[in-house]
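Student: Compute the structure for the input listed below.
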Amino acid sequence: MVSCRASQKGVALLMVLWVLMLLTVIVGEFCFTMRTRVNITRNFKESTQAYYIAVAGLNKAIEQIIRQEFMPQRIVAVDTDSEDELEPEWRINTNIAPVAFGSGSYEVWIENISGRININLADKPLLQTMLSGFDLEESEKDIIADSILDWRDADRNHRLNGAEDDYYQSLPEPYDSKDDDFDSVEELLLVRGMTPEVFYQGFENFVTVYPKMKKRGLRKKSKKKEFDYNKLNANAIPAEMWAVLPGMTEELTSEIIAYRAEKDFNTLSDVQRLLGAEVYRGLSRYLTLETTSYYRVSSTGKIHGSRISEGVTALIQISKQIREKFQILEWVDEIPIQKRFKGISVS
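Tutor: Predicted structure coming up:
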């Protein structure tokens, strides 16, 4: 009888232990779930805050660009607690110090499109020069350059190394030559000779589609001097593009980057002094200090004490002809994988 009672107590104790273990597992799982949900909620909150901080940075950059475009000699005040605190203009294609905003800060990168090749307007020599930085035969460069020109022109006649409908219709998945402006740089992947390797290994970062030819007629009414789209702005050329220009070396490219980290080129003579007369003579035909009215702005928002960051990128046009003085042409809720052209200090 005693042995039976002892056995029953042992079973009861064992059941109590199992119940305690089960409750421990349930409580542990509940705590883990709640902690996960709290983390998700916090991350969502911080992500949302970081995103709108980035938007604030982009709007501030647009404001600064407009002021500098229309009042270039003035120094612009910063939104701080001190009304007397001032800062110089935000320079294009170079690092701008992070700016505190709310519970975090934003960091802005302003690129003027004058440092990119306009594939709707550039001529064959400039296109070939930029292709020289890739592992291509001369015949392959000719094919790509001529095919770009054929893709954007209105006629059906192909150049010596180009392509029109007869070529594209012969492909396994046929399509027509566009015979109009490029609407996006990704269209280059449809052009004869352009491979994903060349495009994604850097050429996409060398080019732009703005402005488009069909919009040039609107600008002819303006008295503002027309930008020469067969030239590149020395203050806006990325390091990768400097490296492929005639006569450029790694050492000279590094000197350009170091110079631009401190200040802009004010005259082309500044460029000549830095590169030397011989190198400058070989690439001067490609250089200018003129800017276009098109800017690409990337803004990254961060929260203090958090590793979360969010970003926005917008392509904008600045013009007195526009009622608000600017127009957003593209908007992407992210920052580029490599901050565009930041190498020179990086759609």
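Student: where do the strands sit along the chain?
Tutor: 76-77, 86-87, 99-101, 104-112, 117-118, 207-208, 232-233, 287-288, 294-303, 309-318, 326-332 (DSSP state E).
Student: Show me what the fifth one is in contact with.
Tutor: So the one you mean is strand 117-118. The contact list for strand 117-118, computed with CB atoms under 8 Å, 6 or more residues apart in numbering, reads 126-127, 130, 206-211, 229, 232. Just so you know, the C-beta spots here come from the backbone N, C-alpha and C atoms, and that holds for glycine as well.
Student: Spell out for me the ChimeraX command that would select the buried members of those.
Tutor: Applying 16 or more other CB atoms under 10 Å to the contacts of strand 117-118 leaves a buried subset, and the ChimeraX line that selects it is:
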select :126,127,130,206,207,208,209,210,211,229,232
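Student: which two from the contacts of strand 117-118 end up farthest apart in space?
Tutor: Across the contacts of strand 117-118, no pair lies farther apart than 130 and 211, at 18.8 Å, counting by CB to CB.
Student: What average pLDDT does the longest helix seen in the chain get?
Tutor: Secondary structure of the chain per DSSP state H: the longest helix is helix 2-70. The average pLDDT within helix 2-70 is 82.
Student: got the angle for that helix vs strand 294-303?
Tutor: Helix 2-70 runs at 150 degrees relative to strand 294-303, counting by axes from the mean of the first three to the mean of the last three CA atoms, to 10 degrees.
Student: tilt between helix 2-70 and strand 326-332?
Tutor: Orientation check (the same axes, to 10 degrees): helix 2-70 against strand 326-332 gives 150 degrees.
Student: can you state the direction angle for helix 2-70 and strand 309-318?
Tutor: Between helix 2-70 and strand 309-318, the angle comes out at 20 degrees (the same axes, to 10 degrees).
Student: From the chain's centroid, how far away is helix 2-70?
Tutor: A distance of 35 Å separates the centroid of the chain from that of helix 2-70, by CA atoms, centre = their mean, to the nearest Å.
Student: do the same with stretch 296-309
Tutor: How far stretch 296-309 lies from its chain's middle: 15 Å, per CA atoms, centre = their mean.
Student: ok, and the closest non-adjacent residue to residue 90?
Tutor: Nearest in space to residue 90, with sequence neighbours left out and distances taken as CB to CB, 6 or more residues apart in numbering, is residue 64 at 4.8 Å.
Student: can you count the residues close to the one you found?
Tutor: 19 (other CB atoms under 10 Å).
Student: what's the answer for residue 186, then?
Tutor: Residue 186 has 12 neighbours, counted by other CB under 10 Å.
Student: Quick check: chain neighbours aside, which residue is closest to it?
Tutor: Leaving aside its sequence neighbours, residue 186 sits nearest to residue 204 (CB to CB, 6+ apart; 7.7 Å).
Student: does that neighbour really touch residue 184, like I thought?
Tutor: No - Residue 204 is not in contact with residue 184 according to CB atoms under 8 Å; the separation is 10.1 Å.
Student: Looking at these two now, which is surrounded by more residues?
Tutor: residue 204 (14 against 10).
Student: Tell me how far residue 47 lies from residue 311.
Tutor: Shown here: residue 47 relative to residue 311, a distance of 11 Å by CB to CB, to the nearest Å.
Student: Which of these two has more residues huddled nearby?
Tutor: Taking neighbours as other CB under 10 Å, residue 47 and residue 311 compare with residue 311 leading, 25 against 15.
Student: Could you measure from that one over to residue 323?
Tutor: Plainly put, residue 311 is 28 Å away from residue 323 if you go by CB to CB.
Student: correct me, but residue 140 touches residue 193?
Tutor: Yes - the criterion here is CB under 8 Å, and residue 140 meets it with residue 193 at 6.0 Å.
Student: Comparing these two, which shows the higher neighbour count?
Tutor: Neighbours of residue 140 and residue 193, each counted by other CB under 10 Å, are more numerous for residue 193; the result is 21 against 17.
Student: which residues touch that one?
Tutor: By CB under 8 Å, 6+ apart, the contact set of residue 193 is 140, 143-144, 147.
Student: repeat that for 6 Å
Tutor: If you count contacts by CB atoms under 6 Å, 6 or more residues apart in numbering, residue 193 has them with 143-144, 147.
Student: Same check on residue 192?
Tutor: Listed by CB under 6 Å, 6+ apart, the contact partners of residue 192 are 147, 163, 167.
Student: and residue 226, how many neighbours?
Tutor: Neighbours of residue 226 under the rule other CB under 10 Å: 10.
Student: Please determine how far it is located from residue 17.
Tutor: 87 Å.
Student: Give me the phi and psi for residue 158.
Tutor: Dihedral angles of residue 158 (phi, psi; degrees, to the nearest 10) stand at phi -90, psi 150.
Student: Now it: closest residue in space that isn't a chain neighbour?
Tutor: Once flanking residues are discounted, residue 158 sits nearest to residue 164: 4.2 Å by CB to CB, 6+ apart.
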